[in-house]
Structure formats: C-alpha cells, structure tokens
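In: Kindly return the folded structure for what I paste below:
(one chain, ligands or ions: 1)
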Amino acid sequence: MSKTKVKPVEDVNPEVMDEVMEAEEVEKQRNVGEEEEEEEEEEEKVEEDVDNSFEELGLDSRLIRALTKKGIEKPTLIQQSAIPYILEGKDIVARAKTGSGKTLAYLLPLLQKLFSADSGSKKKLAPSAFILVPSRELCQQVYSEVSSLIELCRVQLKAVQLTSSMTASDMRNALAGLPEILVSTPACIPKCFAAGVLEPAAVSESLEILVLDEADLLLSYGYEDNLRSVTSIIPRRCQCLLMSATTSSDVEKLKKLILHNPIVLTLTEDKDKEEPVPSNVQQFWISCSAQDKLLHILALLKLEVVQEKVLIFINTIDMGFKLKLFLEKFGIKSAILNGELPQNSRLHILEQFNAGLFDYLIATDDNSQTKKEKEGPKGEDNEENNKSKKRRKPKLDAEFSVVRGIDFKKVHTVINFDMPQSVTGYIHRIGRTGRAYSSGSSVSLVSPDEMEGFEDIKSFLANDKNKDSDIITPFPLLTENAVESLRYRAEDVAKSVTKISVRESRAQDLRNEIINSEKLKAHFEANPRDLDLLRHDKPLSKTAPAPHLKDIPEYLVDLKTQEASKAVKLAGAAMGNSRRSGGGAGRNNKNKKRSRKGGDPLKTFNPNGSKRGHGGGVGQKKDSSDGSTKQKKQKTV
Ligand SMILES: Nc1ncnc2c1ncn2[C@@H]1O[C@H](COP(=O)(O)OP(=O)(O)OP(=O)(O)O)[C@@H](O)[C@H]1O
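Out: Residues are numbered from 1 along each chain as shown. Down below sits the predicted model:
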C-alpha cells in the first residue's frame, strides 16, 4: 500500500485526526487486556473534496487492472474513504447512499488482504472471510462480483456462495475446495453448523474478516438469532465491516454486537442534513386517482416520455399481473419479479433484465414490505405495518429482496405505480437508478390515499437549503390532453383485465416458472451464460394485442407530448440508450448532436410553449402545479 501517496481523509480535518489517534490508543489498551472496557468509536463524515485515485488508496495493481477491465476508473467517495481504513485493519461502519459503490468499497481491500495472507501458514479448515447479506439475490450478486474480480486478477483464491435452500451435501461440496471467501445469508451459517458442514471451532480459528452488507436490513429480515450464533464464535482479532445505506436502531445494535472500536464513515453531501437519494436522480410525481394509474402508466410508456429501462414497483403481486396483462394489450412487453417465484427464475429474470433483453420489469418489493418494518428514518406508521401484515402471503421466500442492494444495470427510470409504504422503501426503490456515476429519474404516481405518506417522504427528503422548493417535482412531460387522449382505450382495456384473469395468469405463471426453474437449474449448471433459453417477458394472454391498441395513431397524441417524446428519445440516444422498439431517432447521429445541445428534456422541456422553458422542467408548474393531469375528458377515442 503506497501509504505516502494517500491523501488521508483525516488530513481534511485535523481535529478528527486527533480523535482517530485517541481511538487507536484506546484500541491498543483494549488489546492489552482490558476487554470489558467501554469502547469508543470514531465518527467521521466523508468529505466531498477528497479525490484520490485507486492507486493512491494503496490498492494492488492487479485489482486496479481488473477494475480497468470492468470500465471502473475512479473510486467513488465511499470507496476513497473506506478502502484505506479497511487496508489498515480497522473495523468500520460505512453508511452511504444506495448505489454509491459500497460493494467494491469492501470487496477490493478484502481481496487485497487475502492476496497477501500467509499461504504458508497451517491449513485452514474454514473460510477466512464471511460476507453476509440479507437475500439470496444479493448473495448471487456479491458472489458474481467477487468471482469476476478473482478471475480478472488471476489469483489463487476461491469464493463460494451458500444459501439456506441448499442441501447439506451441496453445502459440503461447495466448501470442499477450502474457499477463502464465503458469501451467504446469516440463516445459512447456523444451518452449516447444525449439519456439520462447518465447525464453529474451525471458523473461530480461521475467520479474519466479517462483512455484514445491507446491515440495516439484516435484523429486520429476522436474522438476529442467526447473527448472534455467528458472532458468538467470531474471534476477537477478526476485522468486522458493516455496510449500510440508511441508519436505524438495527445498525446501532449490530454495531454494538459485533464491532470493536469502529470508524464510522458517513457519506453526506450536506453537512447539516443527509440526502439519502443520490442527487443524480431526478424525482417526479403525478397526482392521479387510484383507478387512473393504469391510464397514466400507459401514457408514460406508450407515449415514450420516460427513458428505458424502466423498473416499475407495485405493492401486491396481483397488481403486478394486472399491470402486465394491461400493458400486454397495448403491445408493451414486460416481465414480473416477485418473492413467489422460484429462486432460479428470479435470478434469471434479473440477469435477463440486466443484459437488456427486455425494458420493463414489474417488481413487488421485498418481504420487508410485508413484514413489520421496525424503524424507518422517520419512524413508520404502525397502522401501515398492520395493513401490510395482512397482505403477507405464506409462500413468499423469506430471503427474497428486490429493492435492497440489487444492482439493476442501466435502469433509467423507476416508476412507483404504487407508493412504497415507508420512507426507507422509497429511498431504496429510487436507489435502483442513478447508480454510481450514472443518472436516472423516478416518477411516482400518487393517489389521494397515498398523499399523506407522500408528504412524509417529501418532508424527509427536503433539506434545510431547499425546504421551500420540492425535491420531488411534478412530472413535466405529460400534458393533460395527452393523457386524456388515451383514456377511452385504457378504461376499456382495464375492464377486460378481470380479477379472474389476473388470478389465472398468476397461477399459470407460477406453474411455468416452477417448470422453468428446474430446466434453468440443469441448463445453467452447464451453460451459465446462456440467457436466451427462457424469456420472461412472454405475453400471459393467449390473444395477440389488437393492432389499433398496439400502435397509438399520431393524431391522437397532442403536439407537446409528441415533442417531449422526441426529446426523450434524443436525450436517450445521446446517452447511448437507444430504444429497441423506437423509431430511427435513437440511432441518428445528427440527432445525437442536437440533443446534446438541448440537454435533458426533463430539465428543458416546457409543455406550455417552446421546447426550452425558463428554469427547466419546473417551468411546467403553471400547467400542473399539483403534479396533476386532471381527469377532464377533452379528447376521447
Ligand atoms: N468507482 C466506480 N465507478 C463506476 N461505477 C462503480 C464504481 N464503484 C461501483 N460502481 C458500480 O456502481 C453500481 C452500484 O454499486 P453498488 O451495488 O456497490 O452500490 P451500493 O452502494 O452497494 O448500493 P445499494 O445500497 O443499493 O446496495 C454497480 O454497478 C457498480 O459496479
């Protein structure tokens, strides 16, 4: 580690440096034997002006080469801050926004430490590093990331993933090659102990690093007992890292349970008030009645005023199927992701979506939406929790999670078809776009029933500087006329999507996916990269969409919305995001140039007049100051 080159975070603030040194002193004393003494921790804000390269952070050249091959050149703030401390062997609590690059912040130094671990020492009987995550999807994601880094670095390290659904013999086989890194859920470790697959004594002897990723969720997912049984065997010398996107009493509890004298790194953009949603995500909303949500989502997608790929959140599985069936009638293909589907199918859907095989994914939240969320940033309403309890479906996979931590690739728009049931839920959903250095936007469809929750979200997100100006602004690219022009068709089609058809489709889809899941398991063992085997965006309905619904005639769409749609396509093309189904504009270089000049249509478009409004999209407030596209029937078909 080229320590001399590192611009240490503590340089930024000499007082903090003094405190760090004091904390180190306390730690030294503790190590000499004062085990029971109350430990101090170091609280540190991650400063925006720190600008170190990966080399300056002291990273091994093999890791830097691997990152370059992955197209990653500059560390994010949390990486700049956390990597040197982890390399130094400190316990850390890292709290940074969704999508800020926390995974690499711990994986890179973890791997580097394992590169230099003494391979000549006596044979280890258990992995040196445990990475515990709350869901199987995350397990797979972290495992893929660590495996690809190992492969790119060409080092002799082995990582395995274990999940609770595996049999004891599968677990034993996975651990047989003596992996250095184990990625798992907390529930799986006690299972391994019980099955004799892992020996607690061997873990105590071997474990060097323990990572708890998405720590804010581990307890709320019901892993407390599992974690207690793991922590009881963690050796004192083991370095513990706790990564989290939000703060909660659960994180505090885990910190006390597991960490020793940690450095607490908090990434904020504003010293007074944290902004948990990345500033590169533009947040919009549309006010509409619950029954008009289908109409509005049709307008957003069919009139192409949002950038693809689009992740649509709904609160119930039935609503997901209703939406898919509804969109299908208009020739819009989408896939569904929920906790009822078998794990192989879920992983495959995620892979296909990330690979760009389809553009619209309809997802239900993870099960924490249906569990009692213990605490959100502003405290959750118990009534809401009780309501959500009622919605709990017995067959949902307890280790399923869509919104938390899953790294959806190139999602440009998140749509809240249903509003999330908590502020934390909102933050995590929105965090699926605008990841690392990319940008994105979100559109929330808010019905009168959801307005109170929406106000809570807005007031939580409003910072001191901006308390009078809304962070979530009315969506500027849909005019009332444009929405109304689709009303007749939307209402007609919505009526045809009956409860019975939803139930049948859901049951059929589940049956298909169970069959697929077996096929997938066998197939992917042999061909892990074959994504095209089973498409997840196939239509549910047996009848093809009527041609008049598939293509909305141009004369129906008002000029302003047509203009907005063109601008969105041009901006997409400039960002290298051309529409699969869209017209030529997406692939036209001349247009690319023009749109670069024009900038982001969400900022510049003004539906009231010329394309360049004053002060960006907020200029539309005149037309829809409450975010509403009122339900007057102006033009119907
Ligand atoms: N330094 C970097 N430069 C560019 N992209 C990066 C960098 N670090 C990470 N990324 C990418 O950013 C995306 C988000 O990273 P990651 O999943 O680690 O975020 P996160 O902070 O863990 O988010 P969440 O809290 O939602 O889990 C990933 O696709 C990752 O490959």
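
In: quick one, strands of the stretch 301-450 of the chain?
Out: Using DSSP state E, counting those that start in this stretch, the strands of the stretch 301-450 of the chain run over 310-314, 335-337, 360-364, 413-416, 440-446.

In: Okay, now the sheet partners of the longest one, with direction.
Out: The pairing partners recorded for strand 440-446 under DSSP bridges are strand 281-287 (parallel), strand 413-416 (parallel).

In: is it up against the ligand anywhere?
Out: No - figure legend: strand 440-446 not in contact with the ligand (CB under 6 Å from any ligand atom); closest approach 11.7 Å. Backbone N, C-alpha and C define where each C-beta goes, glycine included.

In: Next, the residues that contact that strand from outside, please.
Out: 280-288, 293, 296-297, 300, 306-307, 411-419, 426, 429-430, 433-434, 454, 472, 475, 602, 627 (CB atoms under 8 Å, 6 or more residues apart in numbering).

In: Tell me which residue in the stretch 201-350 of the chain sits closest to the ligand.
Out: Residue nearest to the ligand within the stretch 201-350 of the chain (CB to the nearest ligand atom): Ala245, separated by 3.9 Å.

In: nearest residue to that residue other than its sequence neighbours?
Out: Nearest residue to Ala245, sequence neighbours excluded (CB to CB, 6 or more residues apart in numbering): Thr98, at 4.8 Å.

In: Let me know the secondary structure of the one you found.
Out: Under DSSP: H, G, I helix; E, B strand; the rest coil, the three-state class of Thr98 is coil.

In: so what's the residue of the stretch 401-550 of the chain at minimum distance from the ligand up against?
Out: Residue nearest to the ligand within the stretch 401-550 of the chain: Ala436 (3.1 Å; CB to the nearest ligand atom). Counting by CB under 8 Å, 6+ apart, Ala436 touches 76, 99-101.

In: can you pick the most crowded of the residues you listed?
Out: Neighbour counts for the contacts of Ala436, by other CB atoms under 10 Å, peak at Gly99, which reaches 25 neighbours.

In: Was I right to think that one contacts Tyr437?
Out: No - the criterion here is CB atoms under 8 Å, and Gly99 misses it with Tyr437 at 9.6 Å.

In: deepest of the strands paired with strand 440-446, which one?
Out: Compared across these, strand 413-416 shows the largest average neighbour count, a mean of 26 (mean count of other CB atoms under 10 Å).

In: Show me the contact partners of it.
Out: Contacting residues not belonging to strand 413-416 are listed as 297, 300, 306-313, 426, 429-430, 432-433, 440-445 [CB under 8 Å, 6+ apart].

In: before we move on, what about stretch 319-331?
Out: With contact meaning CB under 8 Å, 6+ apart, stretch 319-331 is reached by 294, 297-298, 301-302, 312, 314, 333-336, 338, 360, 362-364, 417-418, 489, 493-494, 496-497, 501-502, 505-506, 509, 539-541, 545-546, 549-552.

In: Just the CA trace of that stretch, in CSV.
Out: The C-alpha atoms that make up stretch 319-331 are tabulated as CSV, following Å, rounded to 0.1, in the frame of the first residue of the first chain:
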residue,chain,number,x,y,z
MET,A,319,-51.4,-5.8,-9.2
GLY,A,320,-48.2,-6.8,-11.0
PHE,A,321,-50.1,-9.3,-13.1
LYS,A,322,-52.9,-6.9,-13.7
LEU,A,323,-50.4,-4.3,-14.9
LYS,A,324,-48.6,-6.8,-17.1
LEU,A,325,-51.9,-8.1,-18.7
PHE,A,326,-53.0,-4.5,-19.2
LEU,A,327,-49.7,-3.4,-20.9
GLU,A,328,-49.7,-6.5,-23.0
LYS,A,329,-53.0,-5.5,-24.7
PHE,A,330,-51.1,-2.4,-25.9
GLY,A,331,-48.2,-4.4,-27.2
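
In: Quick one: mean pLDDT over it.
Out: Stretch 319-331 carries an average pLDDT of 93.

In: what does stretch 442-459 give?
Out: Summarised as a single mean, pLDDT over stretch 442-459 is 94.
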